[in-house]
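A.B. asks: Sequence first, predicted coordinates after that:
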Amino acid sequence: MGAIAATWWWLGIPVSLVRAPIDPNDKVQCISYAPFRNNQTSLSPATQVSPEQIAEDLAQLAKISHCIRTYATDLGLDQIPGLAAKAGLKVIQGIFLDRDRKKNATQVETAIRLARQYPDTIIALVVGNEVLLRKEMAASDLAALIRSIKAQVSVPVTYAEVWEFWLSNRELSDAVDFVTIHILPYWENIPIRADLAAAHADEIRRQVAAAFPGKEIFIGEVGWPSEGRMRESALPSRVNQARVVAEVLDLARREHFRVNLFEAYDEGWKREIEGTVGGSWGLFDSEQRTLKYPAGVPISNFPYWRLQMGSGMALAILVFGAALLTLRRKPRDPGVAAWLAVGVSATTAGILFGVAAQRLVYESYGTGGWLVWGTLLVAATASPVFGANALMSGRAPSSFLELLGPKGYHTESVLVTMHGLALIVTVVVGTAAALGLIFDPRFIDFPFAPLTMAAVPFVAMTLINPPTKGIRPLAESIFAGIFVAATIYMLFNEGLENWQSLWTCAVFILLAATLLRARA
């Protein structure tokens, strides 16, 4: 109980920043805005955002910003400039471009109309967003389109792109009125730590300014995710997001350059294509539209840490209760080692349950995601409870054959069956994550918390109550091989600065060792 309480007290310690990331008394220059909520997504042509929904957002954003940046003119977004004018907001109007030339023409036509209709509201047009990065248009065609639009509007015209692509396509600078660069330290080829992000942004801004003398360098996107997987030493978190935003805004004020924050609201729909991190760049929550960091309120990565601590303590009590109940029904001397194993399992589960539950909320997307990660959390919660029973009764871990095998192998014990199902869920979901981290790791989260909760009791059982002699089952050997292969790959691919990766690798090895000890 002391270990659980101390750990959660440490995890929940709030941080007070010198400058609040968002302060109504000190509005930000500009912030990226997309109006999509709940099940709305820009991926569906059927999406149509209502003016009431946009007006509600803009009334809120007008309290903290002078300006908003948009990215397209379809799906109801063409209503934004008119509603922004009523809210007292300026607009940097985006024009979305891709390979669909017909759709591009519609976007351009609408943006030109809006720029003419709202000359006092739209302060610039952004012709395309990271089109070169996505390789959807040649630089020469893009420059020609920019020049064509400039001839038809009276507002400044620019193009927005990741800073490296500006340096490799310098001819584009002649077509734009100012250079708009994106600096996202988390997504750099060599990820930048949060405490170095503001200095990195300033260094890049100066580098690009030296390459384009006479042109204003506008930072069109800069920010940090509040949730998601680590990239080397770059850790998404609430505290890190608030710190990066606050330091960048302070730097912009001191150095007198324009900056647009990315972004206003979390965009939950992006998790479908970009994982947890893709939907976690907002300074407001996606569903409730509440500000994550109210001015004057200390910031914690675990704002509900007391609830998480209490639930962890309750789980630890349940684990010890299972051990005592088993010992009462089956009198034997389990020994100090078994009690120590129960204590380690209870403490591990008590600490990590709150972490796993919080990550479940942010990392689950859609029915399938909630089903998979919810099932894993249930298995991880059950594992130390059933493990305590097994440790006290001297029962060895069951093999898959005992649960899924033919008659003669199959167990008749309901308790053993439920415990075995927890192992199967842990191994199957863990294997899916391992394969994802090998073949498509960019947006895959590290499920270190629930996997650790589940793995520790099984490892303890293997050490204290080793399996009897028998044949090593093939299924367990295959799964163990996948975990070992994933570990080797992740160590090279993720690097040694990513503690989430290293932790997950350690759990994979524990699971592999447990599976290799199985006998049937």
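C.D. replies: Received the coordinates, thanks. Computed from a prediction, not measured in an experiment: that's the story for all the values here. Residues are numbered from 1 along each chain as shown.
A.B. asks: Just checking, which helix or strand of the protein averages the lowest pLDDT?
C.D. replies: The helix or strand of the chain with the poorest confidence is helix 400-404; it has a mean of 84 (mean pLDDT, DSSP states H and E).
A.B. asks: For that helix, list the C-alpha coordinates in PDB.
C.D. replies: Presented in PDB, the C-alpha positions along helix 400-404 are these (Å, rounded to 0.1, in the frame of the first residue of the first chain):
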ATOM      1  CA  PHE A 400      -2.800 -23.900 -24.300                       C
ATOM      2  CA  LEU A 401      -3.500 -27.600 -24.700                       C
ATOM      3  CA  GLU A 402      -5.200 -27.700 -21.300                       C
ATOM      4  CA  LEU A 403      -7.700 -25.100 -22.600                       C
ATOM      5  CA  LEU A 404      -8.000 -25.700 -26.300                       C
END
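A.B. asks: which parts of it are buried?
C.D. replies: Buried residues in helix 400-404, counted by 16 or more other C-beta atoms under 10 Å: 400-403. C-beta coordinates here come from the backbone N, C-alpha and C atoms, glycine included.
A.B. asks: One more: stretch 426-444?
C.D. replies: By 16+ other C-beta under 10 Å, the buried positions in stretch 426-444 come out as 426-427, 429-431, 433-434, 436-438, 441, 443-444.
A.B. asks: before we move on, the earlier item: now, which of the buried residues of helix 400-404 sits nearest N260?
C.D. replies: Nearest to N260 among those: F400, at 53.8 Å, using C-beta to C-beta.
A.B. asks: Grab the nearest non-local neighbour of the closest one.
C.D. replies: Nearest residue to F400, sequence neighbours excluded (C-beta to C-beta, 6 or more residues apart in numbering): A475, at 5.0 Å.
A.B. asks: Is that neighbour in contact with G405, as I believe?
C.D. replies: No: if you go by C-beta atoms under 8 Å, A475 and G405 don't touch, sitting 9.8 Å apart.
A.B. asks: Count residues in the vicinity of D174, would you?
C.D. replies: When neighbours are defined as other C-beta atoms under 10 Å, D174 has 11 of them.
A.B. asks: Let me see the contact set for it.
C.D. replies: Counting by C-beta atoms under 8 Å, 6 or more residues apart in numbering, D174 makes contact with A143.
A.B. asks: Do you know the pLDDT at it?
C.D. replies: pLDDT, D174: 95.
A.B. asks: The longest strand seen in the chain: what's the following helix or strand?
C.D. replies: Secondary structure assigned by DSSP state E gives strand 122-129 as the longest strand of the chain. Using DSSP states H and E, the next helix or strand after strand 122-129 towards the C-terminus is helix 139-150.
A.B. asks: continuing past that next one, what's the next helix or strand?
C.D. replies: With DSSP H and E, the next secondary element past helix 139-150 is strand 157-162.
A.B. asks: Look at the residue most central in space within the chain and give its secondary structure.
C.D. replies: The centre of the chain sits closest to G228, judged by C-alpha atoms, centre = their mean, with a distance of 2.1 Å. Classification of G228 by DSSP: H, G, I helix; E, B strand; the rest coil places it in coil.
A.B. asks: Phi, psi for it please.
C.D. replies: G228 has phi and psi values of phi 130, psi -180 when expressed as degrees, to the nearest 10.
A.B. asks: How about the contacts made by it?
C.D. replies: The contact partners of G228, by C-beta under 8 Å, 6+ apart, come to 236, 275-278, 280, 445.
A.B. asks: so V179 touches Q207, yeah?
C.D. replies: No: assessed by C-beta under 8 Å, V179 is found out of contact with Q207, at 11.9 Å.
A.B. asks: Quick check: L58 vs Y265, distance?
C.D. replies: Between L58 and Y265 the distance is 12 Å, computed by C-beta to C-beta, to the nearest Å.
A.B. asks: joint contacts of those two?
C.D. replies: Residues within reach of L58 and of Y265 at once, by C-beta under 8 Å, 6+ apart, are Y33.
A.B. asks: give me phi/psi at A323?
C.D. replies: A323 adopts backbone torsions of phi -60, psi -50, taken as degrees, to the nearest 10.
A.B. asks: now do R271
C.D. replies: For R271, the backbone dihedrals are phi -60, psi -20 (criterion: degrees, to the nearest 10).
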